[in-house]
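*Asks:* take a look and give me a structure for this.
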Amino acid sequence: MSDGHKRFHKLSFFIFLVSGITNIESYISSEPDYKHMLYGGVWKHVIFNPPELMPDIVQASKYVISFIQKRYPGAFTNNRTVTCLSEIDLWCSDSDEVPLAITDYVTTKNGHEYPISIPLSLGKTYNFQLTFNQNETIIIIHHITITKTLEMGQFYVYAHTFHRTFGALHEKHLSRCTSGCTGEGFPKELIILSNLATNKQLELTPEEKCYIAEAEHFCSLHSLQETHSSAQNRKMETDVPRNTLEHSHSDSIQEQTGQQIDRTELHIMTYNMWNFNTYQQNGDYYQRIDRISKLLKVSSPDIVAFQEVRLETPLGGKLGPCQMDHLISVMPQYQFVYQPAQMQMNSLEQGRTEEGLAIFSKYPIIHHDYLLLFRNQSNSADLNQRICQHAVILIPSFGKVHVFNTHLSLSHEAREVAVKQILQYMSCYDGRLVVFLGDLNAEPKETAVRMLSDNTGLLDTWEHLYPSSDGFTFSCIEDKLSKRIDYIFMKKITDKVSLLKVKVFGDKIRSEAASDHRAVMATFVLKN
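*Replies:* Numbering: from 1, shown residues only. Okay, here's the model as predicted:
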């Protein structure tokens, strides 16, 4: 097969398997075809419940078992089942309307050549469920998402969540998972995807709700109650620059009698980690990721929402090309979910490169999905697909906390449309506390930010507590910070939630900065 027999071309989704197809020119509309997208630059092609004995499934299964065994050796048992829920072929699309394909030619026994069109894949993503039977009644359920790059043939972990359940409830859970999800209850105009690449809504049975509400707060062998060392870390100031901005505010955390009541402090952070960028052209990424690691260890947040997290095949050096690996290694007690938003088109030349959002939590993540946001392809300021990532996190003796993480467009038009979509998205869920956070690429007086606060029930936590303080978060690679574009909004559904304080973490500048953004962390008080 000669190189002359191959070429890339745009391909109609409905007829690409028909031999003899010629190059099909596609019309580039102002918006992508969201219904057929997995995320930006990737066409959705999903196989549910693939055959377990397929070589790639066998290889992937071995990898996820090895990952759990190494990360949580004390919780590992041989009494287990491993199920691949879905296999996703990452078909590349430069238009987000049709996939790219390779035209090859095959020769029959009679010597005739026929063209065959093959979708161009840049890798695969697999979703697994593993169940470990601790005894006759207690079962630990793990959900793991891994991806494999085409160039290196290497697996990387994108998501790992788990929780305990009882045998009877587990059987009900399995029957619901295998029956498929219709996505009923969601507005049809919103393209909301689960990690399985299908529309999915969180619907717990009454029995599951009852169990989860009383469940032991569980995450591997680590206690999820705040440890003494975690509390001490937050008090340490020697490892955190002195220009950290912190304000405290007491908001009804004691009963009128003055007696201290049972409560949980929940620390939630947003942090744009600036992907693999460095200040200098030949800067040292190792030093920057080390600074990020130190900040995370000192601050010890319970939940962190990251933006600009990358898998970039050409970069990473000895640390490897996947920034999720870097974060996982320094946050061993966390569950996590990562969702790419955009496959960069330089992937065709340099190797697979994609960027997205991640949520890490010390508390169990019991559900996660994401929303594809509006993008105007004719606007040069709106070249990358954006998403809103959603995780449901279970807090013991309190209930569900909904966390929505995003990184909005550079285009004000796209930001404003996206905010409308996100508000509608958030309305699909209920919980005792809703937190919306991320890099909004907009300052407080801009329309998109004001839309979030106007008659929505959402509260800009920084503005609420410190209206006279700038709270700048950007840009650390300049001589002086000048913008607040990183936010934590809250919406409390119960009077058992209060806002205690918000902190903007100090950082050095220019070549000594950990990121071009500062991290922001809000502390909430949850009454039991």
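
*Asks:* shaky segments in the chain?
*Replies:* The model of the chain has pLDDT under 70 over residues 1-30, 136, 166-186, 188, 199-261, 278-283, 509-511.

*Asks:* how close does H402 get to Q350?
*Replies:* To Q350, H402 is 37 Å away according to Cβ to Cβ, to the nearest Å. Every residue, glycine included, has its C-beta placed from N, CA and C.

*Asks:* the two - which one has more neighbours?
*Replies:* A direct count of neighbours by other Cβ atoms under 10 Å for H402 and Q350 places H402 higher, at 22 against 14.

*Asks:* could you check how far the more buried one is from L193?
*Replies:* Distance, H402 to L193, using Cβ to Cβ: 17 Å.

*Asks:* ditto for P115
*Replies:* Separation of P115 from L193 (Cβ to Cβ) stands at 33 Å.

*Asks:* which one's more surrounded, those two?
*Replies:* Remark: of P115 and L193, L193 carries more neighbours, 21 against 14, as counted by other Cβ under 10 Å.

*Asks:* helices or strands up against the host helix or strand of the more buried one?
*Replies:* Per DSSP states H and E: L193 is located in strand 192-194. If you count contacts as 3 or more Cβ pairs under 8 Å, 6 or more residues apart in numbering; DSSP states H and E, strand 192-194 packs onto strand 365-372.

*Asks:* which helices and strands sit right next to the strand it packs on?
*Replies:* If contacts are counted by 3+ Cβ pairs under 8 Å, 6+ apart, strand 365-372 sits against strand 155-166, strand 192-194, strand 335-343, strand 353-361, strand 387-395, helix 412-426.

*Asks:* repeat the analysis, applying 7 Å as the threshold.
*Replies:* Here strand 365-372 touches strand 192-194, strand 335-343, strand 387-395, going by 3 or more Cβ pairs under 7 Å, 6 or more residues apart in numbering; DSSP states H and E.

*Asks:* indicate which one of these is closest to Y158.
*Replies:* Counting by Cβ to Cβ, Y158 lies closest to strand 335-343 out of the helices and strands packed on strand 365-372; the figure is 4.4 Å.

*Asks:* let's have the helices and strands packed on strand 365-372 in CSV, adding distance to D56.
*Replies:* Formatted as CSV, the helices and strands packed on strand 365-372 follow (distance: least, Cβ to Cβ, whole Å):
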stretch, distance to D56
strand 192-194, 22
strand 335-343, 20
strand 387-395, 27
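
*Asks:* helix/strand/coil for the residue in the chain sticking out farthest from the centre?
*Replies:* Largest separation from the mean C-alpha position in the chain: N110, at 52.2 Å (Cα atoms, centre = their mean). When classified by DSSP: H, G, I helix; E, B strand; the rest coil, N110 comes out as coil.

*Asks:* and what of L266?
*Replies:* Reduced to three states with three-state DSSP, the structure at L266 is strand.

*Asks:* which ones are touching it?
*Replies:* The contact partners of L266, by Cβ atoms under 7 Å, 6 or more residues apart in numbering, come to D302, I395, F524, L526.

*Asks:* measure F155 to A522 for me?
*Replies:* Separation of F155 from A522 (Cβ to Cβ) stands at 35 Å.

*Asks:* neighbour count: those two, which is higher?
*Replies:* Neighbour count, other Cβ under 10 Å: between F155 and A522, A522 has more, with 25 against 21.

*Asks:* thought that one was touching I488?
*Replies:* Yes - counting by Cβ atoms under 7 Å, A522 touches I488, with 4.5 Å between them.

*Asks:* so what's in contact with the two at the same time?
*Replies:* In contact with both A522 and I488: I268, T461, V502, using Cβ under 7 Å, 6+ apart.

*Asks:* residues of the longest helix anywhere in the chain that come out buried?
*Replies:* Looking across the chain with DSSP state H, the single longest helix is helix 55-71. Within helix 55-71, the residues scored as buried using 16 or more other Cβ atoms under 10 Å are I57, A60, S61, Y63, V64, I65, F67, I68.

*Asks:* what's the nearest residue to the fourth one if we skip its chain neighbours?
*Replies:* The one in question is Y63. F155 (4.6 Å; Cβ to Cβ, 6 or more residues apart in numbering).

*Asks:* so what's the one you found bridging to?
*Replies:* Bridge pairing for F155 (DSSP bridges) gives the partners K148.

*Asks:* so it touches I146, yeah?
*Replies:* Yes - using Cβ under 7 Å, F155 is in contact with I146, at 5.0 Å.

*Asks:* so what sits against both of those two?
*Replies:* Counting by Cβ under 7 Å, 6+ apart, the shared contacts of F155 and I146 are A60, Y63.

*Asks:* how many neighbours does T473 have?
*Replies:* The number of residues packed near T473 is 27, by other Cβ under 10 Å.

*Asks:* mind checking the SS state of M324?
*Replies:* On the three-state scheme (three-state DSSP), M324 is labelled helix.

*Asks:* ok, the nearest residue to it once chain neighbours are set aside to D507 distance?
*Replies:* Leaving out its chain neighbours, the residue that sits closest to M324 by Cβ to Cβ, 6+ apart is Y338, at 5.1 Å. Between Y338 and D507 the computed distance is 24 Å (Cβ to Cβ).

*Asks:* which one of those two has more residues nearby?
*Replies:* Legend: neighbour count by other Cβ under 10 Å for Y338 and D507, higher for Y338 (27 against 23).

*Asks:* isn't L423 right up against T456?
*Replies:* Yes - with contacts counted by Cβ under 7 Å, L423 reaches T456, the gap being 6.0 Å.

*Asks:* show me where the stretch 401-528 of the chain has strands.
*Replies:* Along the stretch 401-528 of the chain, counting by DSSP state E, counting those that start in this stretch, strands occupy 433-439, 459-460, 486-492, 497-504, 520-527.

*Asks:* please identify the deepest-packed of those.
*Replies:* strand 433-439 (a mean of 25; mean count of other Cβ atoms under 10 Å).

*Asks:* quickly run through the sheet partners of that one, with directions.
*Replies:* When DSSP bridges is applied, strand 433-439 pairs with strand 399-407 (parallel), strand 486-492 (antiparallel).

*Asks:* contacts for the last one next, please.
*Replies:* When contacts are taken as Cβ under 7 Å, 6+ apart, the neighbours of strand 486-492 outside the stretch itself are 268, 270, 272, 433-437, 439-440, 452, 457-461, 473-474, 499, 502, 517-518, 520, 522.

*Asks:* go again using 6 Å as the cut-off
*Replies:* 270, 433-437, 439-440, 452, 457-461, 473, 517, 520, 522 (Cβ atoms under 6 Å, 6 or more residues apart in numbering).

*Asks:* R263: how many residues sit nearby?
*Replies:* Neighbours of R263 (other Cβ under 10 Å): 18.

*Asks:* ok, what's across the strand from I140?
*Replies:* Beta-bridge pairing for I140 (DSSP bridges): F132, R164.

*Asks:* burial of it, as a residue count?
*Replies:* I140: 22 neighbours (other Cβ under 10 Å).

*Asks:* touching, it and F132? I think so.
*Replies:* Yes - in this structure I140 lies within contact range of F132 using Cβ atoms under 6 Å: 4.6 Å.

*Asks:* need the overlap of contacts for these two.
*Replies:* Counting by Cβ under 6 Å, 6+ apart, nothing touches both I140 and F132.

*Asks:* what's the closest of the strands paired with strand 433-439 to P32?
*Replies:* Closest to P32 of the strands paired with strand 433-439 is strand 399-407 (Cβ to Cβ; 17.2 Å).

*Asks:* great, nothing more from me.
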